[in-house]
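**Student:** Based on what follows, work out the 3D shape:
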Amino acid sequence: MQRPIHLRKKAIRLSTTTARGIAAVGASAAGFGLLPVLALWGASTGLNVMTLLILRFALTAALLPLLMRERRPEGEREPEPLAARDLGGLFLLGVLFALQSVLYLLAVERISPGLAVLLHYIYPVFVLVLSVALRHDAAKARLVLPLAISLAGLALTVGSPGDADTVGVLCALACALVYALYVVLGTRLSERVGPQRLTLYVVLCSALSLAAVALPTGRFDLGFQPSGWAAIATIAVASTAMPIALFFVGAKILGATGASILSMLEPIVGVLAAWALLGEKVTLLQLAGGAILLTGAALSVYAPSAPAGPDGRRGTVSAPAQPRVTAARRARRGS
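**Tutor:** Have a look, this model is predicted:
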């Protein structure tokens, strides 16, 4: 028995919309995954880490309002002005985001980009640990499986102690820890401010906080090769602004958890890009370790205690309310 025509058309529309969401999140993950390779391109032109990040975030802050602009439905009120405590929280998040970005690029300079991006992806486990610890959640048994799996994958990915630069590995792990702290602290603020608005302010505060450190210490240096500007523009557009905007597009269609899991294509893109463009060698043992590490990360994302990420990158955004579902539930309960 065939479904009515109107139901078939609706199914086609839903599948097309879902495909659009998958394409958006996939493109977002690919853009972020190319960041380590593009950062090395920038470094080859004489760009130092601080200068690259300041210009990257400044250009991204200018682009995001254009890429994420939406029409406000009629009758919807303007966003309320930010309270002083929210501004302080946004600046703190900007500092944390800037710090994790510095640690990430320092790791990329000392270890292979593929290894750096794989190690960074232990951050969902850190998010789960921090969220359980801060909430004093009694159900700590949820931590055991994702943590054990991720640590096993981490050991295989890094290999024996002499196989990778110790400082580079520590920078990558510290980056994951700082980013996890950023996600946990930003979750509640995201509920008040809104994820898109929060992302814009965080990027701007990241640029300002880095500039506050780099300018007085002479670390902001524009004496790089002219081709460095092309690297900066490519990183800001293709590996920052566009991926953030595309993630929000996909998350609205696929939902928070689905978009987060799909965004784990990022380390796969990072490893393949390092292999194809830089000739980085990746052993079968490292690939197996990376797959195990990502499995642990995925399990920690699915765990009920893990909070939603407040920004577009590798986090989740709050799904819109579903009033019709709520009404149906109330009807079934007789309320």
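**Student:** C-alpha only now, for contacts and for neighbours.
**Tutor:** Noted.
**Student:** Buried by neighbour count: which residues of the helix or strand Met242 falls within qualify?
**Tutor:** Assigned by DSSP states H and E, Met242 belongs to helix 242-254. Neighbour-count burial for helix 242-254 flags Met242, Pro243, Ile244, Ala245, Leu246, Phe247, Phe248, Val249, Gly250, Ala251, Ile253, Leu254 (criterion: 16 or more other C-alpha atoms under 10 Å).
**Student:** And these, which is closest to Arg69?
**Tutor:** Nearest to Arg69, judged by C-alpha to C-alpha, of the buried residues of helix 242-254 is Ala245 at 9.6 Å.
**Student:** Look up how far Arg20 lies from Leu170.
**Tutor:** Taking C-alpha to C-alpha, to the nearest Å as the measure, Leu170 falls 38 Å from Arg20.
**Student:** oh, I was asking about Ile111
**Tutor:** Here Ile111 is placed at a distance of 35 Å from Arg20 (C-alpha to C-alpha).
**Student:** So between the two, which is more surrounded?
**Tutor:** Ile111 (19 against 16; other C-alpha atoms under 10 Å).
**Student:** residues touching that one, list them.
**Tutor:** With contacts defined as C-alpha atoms under 8 Å, 6 or more residues apart in numbering, the neighbours of Ile111 are Ala164, Asp165, Gly168, Val169.
**Student:** ok, 10 Å please
**Tutor:** Residues in contact with Ile111, defined by C-alpha atoms under 10 Å, 6 or more residues apart in numbering, are Leu105, Ala164, Asp165, Thr166, Val167, Gly168, Val169, Cys171, Ala172.
**Student:** Leu254 too?
**Tutor:** Per C-alpha under 10 Å, 6+ apart, neighbours of Leu254: Thr17, Thr18, Ala19, Arg20, Gly21, Ile22, Val25, Phe248, Ser260, Leu262, Ala319.
**Student:** Let's have these in TSV, adding distance to Phe32.
**Tutor:** Converted to TSV, the contacts of Leu254 look like this (distance: C-alpha to C-alpha, whole Å):
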residue	distance to Phe32
Thr17	23
Thr18	21
Ala19	20
Arg20	19
Gly21	17
Ile22	15
Val25	11
Phe248	14
Ser260	13
Leu262	13
Ala319	22
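**Student:** shouldn't Ile54 be in contact with Ala98?
**Tutor:** Yes: taking C-alpha atoms under 10 Å as the definition, Ile54 is a contact partner of Ala98 at 9.1 Å.
**Student:** circling back: from the contacts of Leu254, which one has the minimum pLDDT?
**Tutor:** In terms of pLDDT, Ala319 ranks lowest among the contacts of Leu254, with 31.
**Student:** For the stretch 151-300 of the chain, give me the ranges with low pLDDT.
**Tutor:** Under the criterion pLDDT under 70, the flagged ranges of the stretch 151-300 of the chain are 158-163, 256-257, 300.
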